[in-house]
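Asks: sequence plus the predicted model coming up.
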Amino acid sequence: MFLFTTLETSLSLWLSFMGNALILTFITYYHIFIERRYSPFLSTYIVFNFLFFLVAPLAQISEFNMMETPVFTHYFPFSELTFIKTNGLIATFNIVFFLFYVGCKDYIKVKKQYHLKKHLL
């Protein structure tokens, strides 16, 4: 939350990061309180996304305010529009990933129950 309160950028860029944070927070809530089953895959996915798609870019963007021409270490120029589009793609991917994760998990559970009932009869 500290990174969001200290981020000095346009409202649209701030909202794009906040949207991704809310999506990841929902996935985390689902994983901890609803799923209640330990899934190292989903835990790793959540941590990776928080670190590499939220914390790192927010920390880098915060440093750009001090530069005359904001450029990344690898000389890629900073563009708010590029960040907003990228955040939109990341949000879309996270939503699709979550829907497939829940759908496949339920499908596997139903399939196992079907095979169990079939072998019991």
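Replies: Here it is on my side, so go on.

Asks: going by C-alpha atoms from here, please, whenever you check contacts or count neighbours.
Replies: Will do.

Asks: ok, how many other residues are close to Glu63?
Replies: 14 (other Cα atoms under 10 Å).

Asks: show me the contacts for it.
Replies: By Cα atoms under 8 Å, 6 or more residues apart in numbering, no residues touch Glu63.

Asks: next, the buried residues of the lowest-mean-pLDDT helix or strand in the chain.
Replies: Lowest mean confidence among the helices and strands of the chain (mean pLDDT, DSSP states H and E): helix 2-6, at a mean of 75. Using 16 or more other Cα atoms under 10 Å as the test for burial, helix 2-6 gives Phe4.

Asks: C-terminal to that helix, what's the next element?
Replies: Note on helix 2-6: by DSSP states H and E, the next helix or strand toward the C-terminus is helix 11-29.

Asks: got the buried residues for that following helix?
Replies: In helix 11-29, counting by 16+ other Cα under 10 Å, buried: Leu13, Trp14, Ser16, Phe17, Met18, Asn20, Ala21, Ile23, Leu24, Ile27, Thr28.

Asks: hmm, Val55 and the fourth one touching each other?
Replies: It stands for Phe17. No - with contact defined as Cα atoms under 8 Å, Phe17 and Val55 do not form a contacting pair (9.8 Å).

Asks: which parts of this protein are helices?
Replies: 2-6, 11-29, 40-50, 56-64, 80-120 (DSSP state H).

Asks: list the contacts of Phe72.
Replies: Phe78.

Asks: and if we set it to 6 Å?
Replies: Not one residue lies near Phe72 by Cα atoms under 6 Å, 6 or more residues apart in numbering.

Asks: for it, phi and psi?
Replies: phi -70, psi 170 (degrees, to the nearest 10).

Asks: that one and Arg36, how far apart?
Replies: 40 Å (Cα to Cα, to the nearest Å).

Asks: got it, and Met18?
Replies: Met18 is 26 Å from Arg36, by Cα to Cα.

Asks: for Val102, same thing?
Replies: Taking Cα to Cα, one finds Val102 at 13 Å from Arg36.

Asks: so where is this structure shaky, pLDDT-wise?
Replies: 1, 65, 108, 110-121 (pLDDT under 70).
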